[in-house]
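A.B. asks: structure, please.
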Amino acid sequence: MATLYLIEQNTILRKQGQRLLLCKRPPAKRRYSAVLQGDILLDLPVGDVDQVMLFGNIQVTTSALQLLLGKGIEVALFSFGGDLLGQLTPVQGKNVPLRIEQFRRWDDPAFTL
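C.D. replies: Below is the predicted model:
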């Protein structure tokens, strides 16, 4: 799995089934919100992603956020210049067993330095 870095400005990250679509923002004169094939810049399975980093003016639909968080995928928002603005973290952490083991080892005198 990989970290998905999105830097294309004025785009929208959408959900379609179990896939993520990065689309151009439709022109204001378009009277419907359907995604046209020519609008899609990136199409990938959500299973290929373990983190999403958004830089600048990139919108994310609520359904895409629900899919990402439901799969345990963190989403971080950065300014165009790269300053971290905030982070969405799923309720269920991916590394809970690892952290439990780290705490056990921390309390084990034979293991600690």
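A.B. asks: would you tell me what the next helix or strand after the helix or strand where Leu44 lies is?
C.D. replies: Secondary structure here is read from DSSP states H and E; on that basis Leu44 sits in strand 40-45. Towards the C-terminus, the helix or strand next in line after strand 40-45, according to DSSP H and E, is strand 49-55.
A.B. asks: would you map the strands across this protein?
C.D. replies: With DSSP state E as the criterion, the chain has strands at 2-6, 11-16, 19-24, 40-45, 49-55, 58-60, 74-78, 84-88.
A.B. asks: which one of those strands lies closest to Leu67?
C.D. replies: Taking CB to CB as the criterion, Leu67 comes closest to strand 11-16 out of these, the separation being 4.8 Å. To be clear about C-beta, it is placed using only N, CA and C from the backbone, and glycine gets the same treatment.
A.B. asks: which residues touch that closest one?
C.D. replies: The set of residues external to strand 11-16 that reach it, using CB atoms under 8 Å, 6 or more residues apart in numbering, is 6, 20-25, 35, 41, 43, 46, 52, 54, 58-61, 63-64, 66-67.
A.B. asks: which of these are buried?
C.D. replies: Among these, those classed as buried by neighbour count (16 or more other CB atoms under 10 Å) are 6, 20-23, 46, 52, 54, 58, 60, 64, 67.
A.B. asks: all set, thanks.
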